[in-house]
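Undergrad: Starting from these lines, generate the structure:
(2 chains)
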Number of protein chains: 2
Amino acid sequence: MNVGERHYRSIWPIVSNERRAVGIVDQTRLPFEFATTELGSWRQVAVAIRTMQVRGAPLIGVAAAYGLALATFEDASDAELTAVAGQLAETRPTAVNLRWALERMQAVLRTTPPGKRAAAAWSEADRIAEEDVACNRAIGAHGARLIGGLHAARRRVIRILTHCNAGWIATVDFGTALSAIYQAFDAGVELHVWVDETRPRNQGLLTAWELAAHGVPHTLIADNAGGHLMRRGEVDLVLVGADRVTRRGDVCNKIGTYLKAVAARDNDVPFYAAVPASTIDWTVDDADAGIEIEARSPDELRLVGGLAADGRVASVRIAGAETPVANPAFDVTPARLVTGIITERGIVAPEALTRAFSDAAGAAVAVPAT
Amino acid sequence: MNVGERHYRSIWPIVSNERRAVGIVDQTRLPFEFATTELGSWRQVAVAIRTMQVRGAPLIGVAAAYGLALATFEDASDAELTAVAGQLAETRPTAVNLRWALERMQAVLRTTPPGKRAAAAWSEADRIAEEDVACNRAIGAHGARLIGGLHAARRRVIRILTHCNAGWIATVDFGTALSAIYQAFDAGVELHVWVDETRPRNQGLLTAWELAAHGVPHTLIADNAGGHLMRRGEVDLVLVGADRVTRRGDVCNKIGTYLKAVAARDNDVPFYAAVPASTIDWTVDDADAGIEIEARSPDELRLVGGLAADGRVASVRIAGAETPVANPAFDVTPARLVTGIITERGIVAPEALTRAFSDAAGAAVAVPAT
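TA: Have a look, this model is predicted:
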């Protein structure tokens, strides 16, 4: 999407005779500064994923694919590439796209002789990136029809609550949940977005930055406020992305999503998660039993980044190092609270997921999980 | 309660031949600095309430009472005191204790000749403060029995989730919800407190500060995390204070409380609000219809206070002035989600409130709301 006059993707290949690298938008500096940086090795890619310079499930997958491709330029041996794939997979334990993209890259590498692996890997990473753009465009088209339908039925501004950042900077372009919002807005649907701040990492500020850049009406709120707005009838739809969706439709997404889903149910507000099919983990049925919830650093809560009085990016400490902190990064919204999953193939009720994706689901079941 | 070696209340009278004033703990500087300040006029009291140097429903009531008492030393006329009471009542529109305390003060002032009003008002404010301490001690004793009962039944550490700050610094001493926790802890009950950060004003940091000072085991969490903890079976009890409870048991408390209550119900976790009876507004049945929800400054969300790298108290801007923000300060937890109200008279189910308080409820109904 656009930043000022120029169109950007969140990640792009840099190819010359001398070197290979990937360019990224450094998301740890957003929304305070818009900066790009280059990653020239798989190690730099791993650091970028771990420190959340790149973030968002789809983008992490693409970044890891380019990371493995970069590794082939250093050492294209089976042993090295297996080791690198393992290290990249460990950067974010909850994100399923990461493992999906690495497995796809490895399938190509396994059937390619070492001397041709660099070119093959780079092409495959490019393909994953292009497919992500096409996929998110399709997700957004389906989601935009849902929003348009609400607008046609209610004949007033449609108020959408979103949590975390499921926007273009969480993908290669368009986003997932925000792709629907962008496309509905561009089609002339009157809408307004309630943007959860999304503590502790405040990804809602990224969402507000994206929406402002695109001109979409929105209001930033504390995570605490969404239930109140629903009770007052000021939310028509909760629309989020997800880091993983299970076979039965459990939604694993940014911590706090469940609270919005349970409040949505209490107020008869529909709750949708927008994801590419690659986010559906056909090997897991019950997310509580089958998904490890990443525990992130206590300092994410203790330190808050922003602009200091002198205009520089700085952080303040709101709690001392002696204050005990728990920081689970994701939660599970059980399928019973999910109205539908918006994918590139259409909108599917949780209980219909395996039927709608019988090809993918069947393949996943045929191959035992490793 | 104690701060270091010394016992403090959150507010105290300062009386000498030359002047009258009230001392307060300046809560806008906690938990980063422990500082006290003196308020020498009703105008300073009004500013202190509005800027939340004093905060917490019971403490606001006591502060307003001292404020009106201070006004009697300047001008004890009916017209002036009525005007001052009106201005003090407007400092925080949602807090019922504020109006309750001011009405009680005015009832004394009305029946006292102007020349004796200063002494009478000061004594009455002192009485309100002492009654608050006795009341909170009693609330805590009932709440501690509830926690002790859970401990006896489950024979392990009882994990309590709390939101905002219902501690001693929100009252004159002891607190409401935290009074129960302090008294259970002091009685040897093994417990652990999950402390919601409570955006946007981060009052959870005050709770963590209080609990640390008293040695109570606790863990600070993002407001988003509580639902996840409940789903994982890591919460035995949600225990909060309240700014107003209605006749039928609707609980109006800090924004975000409803999200915890609805998640508690979804996970069969009991939800209790601990309040003095003066917090029950017998003139309102349906909180959604009868309670104005205060909308506070957008800058509460846009700016975050903490300690800068140089150790000074500072704030960072996380969202620009151009970012639209909505900041409702309270929400309503409907009575159907409330297990019980803990008061100085005991623990009462919402539907039993009017019967248990038939004296107070009857009196309130006999006098039309003004």
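Undergrad: how about the strands in the stretch 101-250 of chain A?
TA: For the stretch 101-250 of chain A, the strands defined by DSSP state E, counting those that start in this stretch cover A:158-162, A:191-196, A:218-221, A:237-240, A:244-246.
Undergrad: Might you enumerate the residues of the stretch 151-300 of chain A proximal to chain B?
TA: Residues of the stretch 151-300 of chain A that fall close to chain B, judged by CB under 8 Å from any CB of the partner chain: A:194, A:197-200, A:202, A:205, A:208, A:212, A:218-229, A:231-232, A:254-256, A:258-260, A:262-263, A:266, A:288, A:293. (C-beta placed from N, C-alpha, C; glycine too.)
Undergrad: List the residues that contact the residue of chain A most remote from its centre.
TA: Outermost residue of chain A with respect to the C-alpha centroid, by CA atoms, centre = their mean, is A:G115; its distance is 34.0 Å. Contacts of A:G115 were listed using CB atoms under 8 Å, 6 or more residues apart in numbering or on different chains, and they are A:A76.
Undergrad: So which of the residues of the stretch 151-300 of chain A next to chain B are in helices?
TA: A:205, A:208, A:212, A:226-229, A:231, A:258-260, A:262-263, A:266, A:288 (DSSP state H).
Undergrad: What is the most widely separated pair among those?
TA: A:A212 and A:D288 (36.7 Å; CB to CB).
Undergrad: Between these two, which has more neighbouring residues?
TA: The neighbour comparison of A:A212 against A:D288 (other CB atoms under 10 Å in any protein chain shown) goes to A:A212, with 18 against 15.
Undergrad: So that one sits against A:L220, correct?
TA: No: in this structure, A:A212 is not within contact of A:L220 by CB atoms under 8 Å, at 10.0 Å.
Undergrad: okay, and the common contacts of these two?
TA: Contacts common to A:A212 and A:L220, judged by CB under 8 Å, 6+ apart, are B:T323.
Undergrad: buried set for stretch A:344-352?
TA: A:E344, A:R345, A:I347, A:V348, A:P350 (16 or more other CB atoms under 10 Å in any protein chain shown).
Undergrad: Nearest spatial neighbour of the first one, chain-adjacent residues omitted?
TA: By the measure of CB to CB, 6 or more residues apart in numbering or on different chains, the closest residue to A:E344 outside its immediate chain neighbours is A:A138, 3.9 Å from it.
Undergrad: ditto for the fourth one
TA: Take A:V348 and drop its neighbours on the chain: the residue closest to it by CB to CB, 6+ apart is A:A356, 4.5 Å away.
Undergrad: wait, that neighbour sits on A:G346?
TA: Yes: using CB under 8 Å, A:A356 is in contact with A:G346, at 7.4 Å.
Undergrad: just for the stretch 1-150 of chain A, where's the confidence low?
TA: A:4 (pLDDT under 70).
Undergrad: Any figure for the gap between A:A121 and chain B?
TA: 38 Å (CB to the nearest CB, to the nearest Å).
Undergrad: What's the local residue count around that residue?
TA: Using other CB under 10 Å: A:A121 sits among 25 other residues.
Undergrad: Skipping its backbone neighbours, what lies nearest it in space?
TA: Excluding the flanking residues, the one nearest A:A121 by CB to CB, 6+ apart is A:A69, at 3.9 Å.
Undergrad: That neighbour looks like it's in a helix, true?
TA: Yes: applying DSSP: H, G, I helix; E, B strand; the rest coil, one finds A:A69 inside a helix.
Undergrad: how far away is it from B:R312?
TA: 47 Å (CB to CB, to the nearest Å).
Undergrad: ditto for A:L68
TA: Taken as CB to CB, the span from A:L68 to B:R312 is 46 Å.
Undergrad: okay, the two: which has more neighbours?
TA: Here A:L68 and B:R312 are compared on neighbour count by other CB under 10 Å; more neighbours surround A:L68, at 25 against 10.
Undergrad: wait, doesn't the more buried one sit right on A:G86?
TA: No: using CB under 8 Å as the test, A:L68 is too far from A:G86 to be in contact (10.7 Å).
Undergrad: wait, isn't A:V45 in contact with A:A65?
TA: No: here A:V45 does not reach A:A65: they are 9.4 Å apart, not a contact under CB under 8 Å.
Undergrad: wait, what's in contact with A:R9?
TA: Neighbours of A:R9 in contact, by CB under 8 Å, 6+ apart: A:A129, A:V133, A:V172, A:D173.
Undergrad: Go over the secondary structure and confirm it is in a helix.
TA: No: under three-state DSSP, A:R9 sits outside any helix and is assigned coil.
Undergrad: wait, doesn't the residue nearest to A:E344 sit right on A:I347?
TA: No: A:A138 is beyond contact range of A:I347, at 11.6 Å (criterion: CB under 8 Å).
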